[in-house]
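S.K.: sequence unknown, structure follows:
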């Protein structure tokens, strides 16, 4: 089909479609991130992605596990979770960076189908507002300690202050994360180095801490319970991919820097996360004698105690508050940003109406504020332990589909597909594996299968998802991955280096230019339609019909 033919006009663009063409505000919410927009170097993209890892929740999570089960069990639990998160995050990060898609678009073509992945989008959106609420609670604790601000008002301040920052997407977030990261690293690492250097006894007390139960020895149940809480962070890879999708094309010239950025800012985020969790245990043990076990998991208390050992008293609280505020801003702009993408993806597919990403920035913040006002910090580990079962089942299912079904069994199509009309509505491979794994693991978590098996719920979620994903794919012979194998365009999808093509063509519905991977032929006109117009096609006039199955 020629470029001239692709310019054929049809219906005029609706307001929602026109709004979506503002890349600055919408940031390619529902579609492939084109090469023309990906102007950043691998180093800038990686720094921006890692900037979101500044969150303080790791300190609370590590402290909670350490105080409950002892340092030894906590460190092993943190290490076990880190290995699982790295292994599952690697294939997802690679696909996001290589094909410039967010995790929802990857999930569609990796076992779930066009509508089947709505379920996982809602799970990911829930992850973002749960952790927004957690970080907002930590900031409110800092504002209460430093400025005497009531907690309810601190929750509101921590919510409202991110709105101006998150509106402009990647273009604004890259600047914020790059400039604030050095300050954050100095404030986080400085007190830890000082304490270890000036008082080596703190290390001995840390390593020998037995936990509130006083047992202290390594215990399988304690390790698995702790790992389950840490594994609630497994969905963080989705937020990393929201940045990694803006990686430049991989070429021979940038191969080394490209891979370094993808590994470090993709699955590599968990290395820093695990380190912060271990530091959280260390600082909680250090301050517990002064503040007690109830307040020791609060990062503001931890860093106040650490700063107090090395700084003049008048500087301690202000600096601790600065650290908490910087950390909260760095992560919660990411939480609000990624949550808005996930909600918009789900809403648009279900309703076939595109209200704009900014609407869902406010929706996500509303959910987060409600959780904060309900004092979710006080039952943090219970929330995270339950949530981790869903998150593990989803991430392991998609990672297994990529690693096993695509590369080993060759059942799943190697190149990810996300466009409506090209995919079946629901693919049983991912939906069955995810539903079974998450359902059984949640039942175990709530003691439905007995107290003995309860700590093993995260293991069950991971193992079931890993086993069922290829089994269902083999049983269905991969029939439900692609509804069509031909999108009606002669133009190649990939360039000579295997990157998505940068050739631009026009959508005859909204009259905008898009790069090749974002378009498909129209079912009713001799022209092309972009993925967003396909998503918002209420009656399916432009959606290509299914191709007949071959035996």
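M.R.: Sure, I can see it. The model shown is predicted, which means the values in this text are computed figures rather than measured ones.
S.K.: in the chain, which ranges drop under the pLDDT threshold?
M.R.: Along the chain, segments meeting pLDDT under 70 span 1-27, 29-30, 52, 165-180, 213-216, 377-381, 550-551.
S.K.: Show me where the stretch 151-300 of the chain has its helices.
M.R.: With DSSP state H, counting those that start in this stretch as the criterion, the stretch 151-300 of the chain has helices at 151-160, 163-166, 169-198, 201-208, 220-230, 236-244, 255-265, 269-291, 299-308.
S.K.: Nearest to residue 525 among those helices would be which one?
M.R.: Evaluated with CB to CB, the helices of the stretch 151-300 of the chain place helix 169-198 nearest to residue 525, the distance being 32.0 Å. Yep, even glycine has a C-beta here, placed from its N, CA and C like the rest.
S.K.: now residue 448: how far from residue 439?
M.R.: In this view, residue 448 and residue 439 are 10 Å apart by CB to CB, to the nearest Å.
S.K.: Looking at those two, which is more packed in?
M.R.: Taking other CB atoms under 10 Å, residue 448 and residue 439 do not tie; residue 439 has more neighbours (15 against 12).
S.K.: which element is the more buried one on?
M.R.: helix 428-445 (DSSP states H and E).
S.K.: Packing partners of that helix?
M.R.: Packing partners of helix 428-445 (3 or more CB pairs under 8 Å, 6 or more residues apart in numbering; DSSP states H and E): helix 118-147, helix 380-400, helix 457-476.
S.K.: So which bits of the next helix or strand after the shortest one are buried?
M.R.: Downstream of helix 457-476, the next assigned helix or strand under DSSP H and E is strand 504-506. Residues 504-506 are the ones in strand 504-506 that count as buried (16 or more other CB atoms under 10 Å).
S.K.: quick revisit: include mean neighbour count and distance to residue 326 when you put the helices and strands packed on helix 428-445 into a markdown table, please.
M.R.: Formatted as a markdown table, the helices and strands packed on helix 428-445 follow (neighbours: other CB atoms under 10 Å; distance: least, CB to CB, whole Å):
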| stretch | mean neighbour count | distance to residue 326 |
| --- | --- | --- |
| helix 118-147 | 24 | 10 |
| helix 380-400 | 25 | 21 |
| helix 457-476 | 21 | 31 |
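S.K.: Now do the same contact list for residue 28.
M.R.: With contact set as CB atoms under 8 Å, 6 or more residues apart in numbering, residue 28 has these partners: 34, 37, 245.
S.K.: So which residue is smack in the middle of the protein?
M.R.: Nearest to the mean C-alpha position of the chain, by CA atoms, centre = their mean, lies residue 238 at 2.5 Å.
S.K.: Name the nearest residue to that residue, sequence neighbours excluded.
M.R.: Of all residues not flanking residue 238 in the chain, residue 103 sits nearest, at 4.2 Å (CB to CB, 6 or more residues apart in numbering).
S.K.: repeat for residue 152
M.R.: residue 373 (6.3 Å).
S.K.: The one you found contacts residue 150, correct?
M.R.: No: using CB atoms under 8 Å, residue 373 makes no contact with residue 150, being 11.5 Å away.
S.K.: Of the two, which one has the most company?
M.R.: Neighbours per residue, other CB under 10 Å: of residue 373 and residue 150, the larger number sits with residue 373, 14 against 11.
S.K.: If anything else comes up later, I'll come back, but that's it for now.
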